[in-house]
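S.K.: Have a look; sequence and predicted model below, questions after that.
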Amino acid sequence: MAIVATGISDSEDDLLHRVRPPDWRNPQPRNPYDLIIIGAGPAGLTAAELAARRGLRVALIERDRIGGNSLNSGSIPSKAIIRAARVLVSLRDEEDFGATAFDRPRTDFGAVMARMRRIRSRVAEYHSVDRLCARGIDVFLSDARFEGPHVLTAGDSRLTFKKAIIATGARPEPPNVPGLEQIGYLTSDSIFQLNALPKRLGVIGGGPLGCELAQAFCRLGSQVTIVQNDPKFLPHEDRDAAELLSLSMSRDGVITRLNTTVVGARRDDGGKWLETVSDGVKLDVAVDDVLLSIGRVPNVEGLGLEAADVQFDANLGIHVDEFLQTTNVDVYAAGDVCQPDQFTNVAQSCARLAVRNAFGAREHRQGRLTIPWCTYCDPEIAHIGLHVREARRQSIPVKSFTVMMQDVDRAITDGLDDGFVKIHVREGTDQILGATIVATRAGELINEMSVIMSAGIGMRRLAEILHTYPAQSDAIRMAAVAYLDDEPVLLDDQPALLVDPVPRD
Ligand SMILES: Cc1cc2nc3c(=O)[nH]c(=O)nc-3n(C[C@H](O)[C@H](O)[C@H](O)COP(=O)(O)OP(=O)(O)OC[C@H]3O[C@@H](n4cnc5c(N)ncnc54)[C@H](O)[C@@H]3O)c2cc1C
């Protein structure tokens, strides 16, 4: 499919022109700034744009590329590659849908990566240096470092501020595995620069990033072995969701080694090897490239945080309270540098809260956020709110209502019936506490749950809300109907359910 925006190519220069123009000169500082933001990833950009919209004098400092991890080496490039892998797999399956026999298309890896680069450049346009400047934001492309509680440097410039937000993100931290440095490895920072498809790719770590890229590279044609030291993938997700993913990855041909630890790496005449142990049994895995998808650490070093009286921890990041304020009352933090939930939506949302708290009444608490997230494998695995185990830990009685996608008409007609919708309810009420969705488009379906939960809609009302038919999202309504079927007592109130839920004047 064509990229519609004009003038966008797949060259690195095109991206750099938007995110780090080579001939860039930092502006003359307009001290004091109302707000200085360090780091121009999703958190920093969101904060800068919101503050500028409010008419504040804003400086944004970025040491590398505007867009941060998400644009340059995270969400955007990974989803572009996942999309290409999905399309290629579906083309290979077309006989199932009535196509006559045809030669299976092979992967042109160069074309896949070129498409990814075009997409990255296109997305970069929305937050390009030019656009930031047009919004009145002073952009400094330099390393930032605090020199005092209200002063910092950006390259050779000395900037003073009333408020600051630290949004410096996180980076991959290689594990201490003997021999790994010698054989070399890829991380999320380097895998999107590959020019050739690895023949045999070893992926260390079965969290979201590892699973997404393991499946995508396998579908593109690599022989992928994924090694995870836990008994299941996605340790934060429910077992049934993680097991469906395991099955799907195995079906694709990913070699999965669960409960397995990488203890060493070596190179010999036979090539590169990962040395693994599972239940005391040693096994060597032959690889051409290794992707590390474990361990990320916050970017806190070199920032002069001590000079600004900002307390931090090298592993957990900057200490913030529930208002995102640091130990310096005029300095806030947002995004991966201070959050355990490392997602773009969380970074953006916290940045908005930080700006509001810094320039208004300190009343916006991050604990109130209900966070939806998704692992974009096939099927996708999405979650929002409480897991059952968390509810139990908090002694909240919980009951779950599950609809299998194989019972949803649209999932059947689409031939995409892997997965389920599971909604957790506070027992004895119809209050929704959380949901897990495993489906081809779970990342979209979970947003309906996000709206439902934010609006305080309960299962009884949800059961009555019309969905298009047939639709995969109807599985959400069907789970609510399952709730009604389970609650004979509430059925006595049946007439109330017939009331049109849309308020009318
Ligand atoms: C492969 C991959 C896939 C991902 N996929 C998803 C996804 O699908 N969905 C999702 O929600 N999240 C995803 N994430 C996570 C998401 O990318 C991060 O949560 C998000 O980028 C965090 O935003 P941030 O602004 O806090 O930090 P970052 O995006 O890391 O930006 C921080 C910026 O600060 C700059 N900086 C650091 N130190 C300094 C300094 N001293 N001076 C000046 N600048 C500095 C950095 O150069 C960087 O540009 C993915 C991550 C990876 C690695």
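M.R.: Noted; the coordinates are in hand. Numbering: from 1, shown residues only.
S.K.: How about stretch 63-81 and the ligand, touching?
M.R.: Yes. Stretch 63-81 comes into contact with the ligand (Cβ under 6 Å from any ligand atom), by way of Arg63, Asp64, Gly68, Asn69, Ser70, Gly74, Ser75, Ser78. (Each C-beta comes from the backbone N, C-alpha and C, glycine too.)
S.K.: CSV please, covering those residues and showing secondary structure, pLDDT and neighbour count.
M.R.: As requested, those are exported to CSV (DSSP: H, G, I helix; E, B strand; the rest coil; pLDDT from 0 to 100; neighbours: other Cβ atoms under 10 Å):
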residue, secondary structure, pLDDT, neighbour count
Arg63, coil, 97, 19
Asp64, coil, 97, 17
Gly68, helix, 97, 27
Asn69, helix, 96, 27
Ser70, helix, 96, 23
Gly74, coil, 96, 23
Ser75, helix, 96, 16
Ser78, helix, 98, 21
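S.K.: how much space is there between whatever residue of the stretch 1-150 of the chain ends up closest to the ligand and Leu462?
M.R.: Residue of the stretch 1-150 of the chain nearest the ligand, by Cβ to the nearest ligand atom: Gly41 (2.1 Å). Here the criterion is Cβ to Cβ, to the nearest Å. By it, Gly41 lies 35 Å from Leu462.
S.K.: One more: Arg104?
M.R.: 43 Å.
S.K.: Neighbour count: the two, which is higher?
M.R.: Neighbours per residue (other Cβ atoms under 10 Å) separate Arg104 from Leu462, with Leu462 holding more: 23 against 11.
S.K.: ok, how many other residues are close to the residue nearest to the more buried one when sequence neighbours are not counted?
M.R.: Nearest non-adjacent residue to Leu462, counting by Cβ to Cβ, 6 or more residues apart in numbering: Ala480, 3.9 Å away. By other Cβ under 10 Å, the residues close to Ala480 number 26.
S.K.: so Ala480 sits right up against Val421, yeah?
M.R.: No. Ala480 lies out of contact with Val421 (Cβ atoms under 8 Å); the separation is 9.9 Å.
S.K.: So for the closest residue to Ile191 other than its chain neighbours, what pLDDT did the model give?
M.R.: Counting by Cβ to Cβ, 6+ apart, Ile191 lies nearest to Leu291, which is 5.9 Å off, once chain neighbours are set aside. In this model, Leu291 is scored at 98, pLDDT.
S.K.: And the host helix or strand of Leu291, what does it pack against?
M.R.: When secondary structure is defined by DSSP states H and E, Leu291 falls within strand 289-292. Judged by 3 or more Cβ pairs under 8 Å, 6 or more residues apart in numbering; DSSP states H and E, the packing partners of strand 289-292 are helix 180-183, strand 200-204, helix 208-220.
S.K.: nearest to Phe140, of those?
M.R.: Closest approach to Phe140 among those is made by helix 208-220 (30.1 Å; Cβ to Cβ).
S.K.: So which other helices or strands are in contact with that closest one?
M.R.: Against helix 208-220 (3+ Cβ pairs under 8 Å, 6+ apart) you get helix 75-92, strand 200-204, strand 223-227, helix 239-252, strand 289-292, strand 372-375.
S.K.: Can you tell me which residue is spatially central in the protein?
M.R.: Phe343 (4.3 Å; Cα atoms, centre = their mean).
S.K.: so what's that one up against?
M.R.: For Phe343, the contact set (Cβ atoms under 8 Å, 6 or more residues apart in numbering) comprises Ile371, Trp373.
S.K.: hmm, 7 Å instead?
M.R.: Trp373 (Cβ atoms under 7 Å, 6 or more residues apart in numbering).
S.K.: and it, how far is that from Pro208?
M.R.: When Phe343 is compared with Pro208 (using Cβ to Cβ), they lie 9 Å apart.
S.K.: do the same with Leu71
M.R.: For Leu71, the distance to Pro208 - Cβ to Cβ - is 18 Å.
S.K.: neighbour-wise, which of these two wins?
M.R.: Remark: of Leu71 and Pro208, Leu71 carries more neighbours, 26 against 22, as counted by other Cβ under 10 Å.
S.K.: what's the longest strand anywhere in the chain packed up against?
M.R.: Counting by DSSP state E, the longest strand found in the chain is strand 157-166. With contacts taken as 3 or more Cβ pairs under 7 Å, 6 or more residues apart in numbering; DSSP states H and E, strand 157-166 sits against strand 33-38, strand 151-154, strand 331-333, helix 344-359.
S.K.: Could you look over these and pick the most buried one?
M.R.: strand 331-333 (a mean of 29; mean count of other Cβ atoms under 10 Å).
S.K.: Is any residue of that strand near the ligand?
M.R.: No. Strand 331-333 is not in contact with the ligand by Cβ under 6 Å from any ligand atom; minimum separation 9.2 Å.
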